[in-house]
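**Student:** With the sequence up front, the predicted model follows.
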Amino acid sequence: MPEGDTVHRTADRLHRALAGRVVTHAELRWPSVPDVDLRGATTLEVVARGKHVLHRFDTGSTLHTHLRMEGQWRVEHPGPRTERRLRSPDLRAAVLTEEWSGLGLRLGMLDLVPTAREADLVGHLGPDVLGPDWDPERARDRLLAHPGTLVEALLDQRSLAGVGTFWASELLFLERMHPWAPTASTDPERLDRLLDRLHRLMAAAERTGWQGSTGIQRAGEEAYVHARSGRPCRRCGDTVRVAMAGVPPRERTVFSCPSCQGGLAPTDDGRPQRPLGSTPGPRGAYRRRTP
């Protein structure tokens with residue numbers, strides 16, 4: 001699922017393309033959305049709130065979308081490519097102007113609401129790590145008040161908005177914190193350090209478009225633990241583990257190093273885990289899966 005830095009870049013790209021321009025054609029392909037003609041409306045702004053995109057029009061309406069796992073917004077010049085997109089079964093929303101087209105594909109959530117009622121959709125969110133409302137002290141207090149584990153609190157958008165499994169896994173590894181420790185018992189100063197680093201890394205990812213924590217931009221070397229289960233820890237050499245956090249059906253995949261971060265997950269039985277993208281080979285060895 002795209003994380004807050006990706007969503008903020010998406011909103012910024014839409015804003016730069018569409019703000020101040022008049023809608024010449026629009027389609028909202030979502031069963032629960034009323035049949036409203038947006039032609040003639042002018043885009044005031046497009047902003048991100050955590051992992052949500054809010055597209056505000058001068059008609060007093062807001063188009064709210066969420067990318068979920070596979071969604072994306074594309075910005076293109078009107079023309080043959082846009083025409084093909086409009087015929088695609090993956091299209092969920094289209095906002096066209098004379099200069100640019102905003103095309104939402106495989107979106108996971110879509111609403112059209114009065115701008116004055118945006119809070120009905122995003123008012124429950126905690127401080128946005130990349131938003132103007134970012135308040136690390138408030139975010140820390142929300143984390144400490146969370147009844148679950150540290151990683152569950154980080155992933156709960158009501159605590160702070162914009163963090164997904166990549167940043168949660170990587171930040172907890174960088175700070176040598178056990179993901180499944182009770183949040184309420186965590187040292188507040190350690191949380192302050194984690195939140196400071198989280199904000200710096202996500203802001204850099206928003207600015208550059210490169211999401212990573214290692215400082216290395218080569219493919220496959222951007223992360224310390226995320227998506228590296230079954231492989232050696234880059235810090236200590238132990239095997240990186242994967243476990244689920246949360247309650248079904250809202251479980252999330254979390255990666256960690258038991259040696260660097262204080263042990264296994266409660267649900268981890270310690271059995272060998274093969275690397276992601278590998279298949280069993282002869283005599284129990286593993287080989288990389290190739291296309």
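**Tutor:** Received it, and whenever you're ready, just let me know what you need.
**Student:** what's the single longest helix in the protein?
**Tutor:** Identified as the longest helix of the chain according to DSSP state H is helix 188-208.
**Student:** could you give me the average pLDDT of that helix?
**Tutor:** In this model, helix 188-208 has an average pLDDT of 97.
**Student:** what helices or strands is that helix leaning on?
**Tutor:** Judged by 3 or more Cβ pairs under 8 Å, 6 or more residues apart in numbering; DSSP states H and E, the packing partners of helix 188-208 are helix 4-18, helix 136-145, helix 165-174. Using the backbone N, CA and C atoms, a C-beta is placed for each residue, glycine as well.
**Student:** what about the first one, average pLDDT?
**Tutor:** This means helix 4-18. The predicted model gives helix 4-18 an average pLDDT of 98.
**Student:** what's that helix packed up against?
**Tutor:** The helices and strands touching helix 4-18, judged by 3+ Cβ pairs under 8 Å, 6+ apart, are strand 43-49, strand 52-57, strand 72-76, strand 101-105, helix 188-208.
**Student:** Now do it and helix 165-174, the angle between them.
**Tutor:** Angle of helix 4-18 versus helix 165-174, following axes from the mean of the first three to the mean of the last three Cα atoms, to 10 degrees, is 140 degrees.
**Student:** which element follows helix 4-18 toward the C-terminus?
**Tutor:** Counting by DSSP states H and E, the next helix or strand C-terminal to helix 4-18 is strand 25-28.
**Student:** circling back: present the helices and strands packed on helix 4-18 as TSV; the columns should include distance to Arg235 and mean neighbour count.
**Tutor:** TSV is the format used below for these (distance: least, Cβ to Cβ, whole Å; neighbours: other Cβ atoms under 10 Å):
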stretch	distance to Arg235	mean neighbour count
strand 43-49	32	21
strand 52-57	35	23
strand 72-76	33	16
strand 101-105	38	24
helix 188-208	16	17
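**Student:** Can I get the ones you listed in JSON lines including distance to Leu171?
**Tutor:** What follows is the helices and strands packed on helix 4-18, written out as JSON lines (distance: least, Cβ to Cβ, whole Å):
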{"stretch": "strand 43-49", "distance to Leu171": "20"}
{"stretch": "strand 52-57", "distance to Leu171": "21"}
{"stretch": "strand 72-76", "distance to Leu171": "25"}
{"stretch": "strand 101-105", "distance to Leu171": "30"}
{"stretch": "helix 188-208", "distance to Leu171": "5"}
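**Student:** Which among the ones you listed is found nearest to Ala139?
**Tutor:** helix 188-208 (5.7 Å; Cβ to Cβ).
**Student:** which other residues reach that closest one?
**Tutor:** 3-6, 8-9, 129-130, 134, 136, 139-140, 143-144, 160, 162-163, 167, 170-172, 174-175, 177, 210-213 (Cβ atoms under 8 Å, 6 or more residues apart in numbering).
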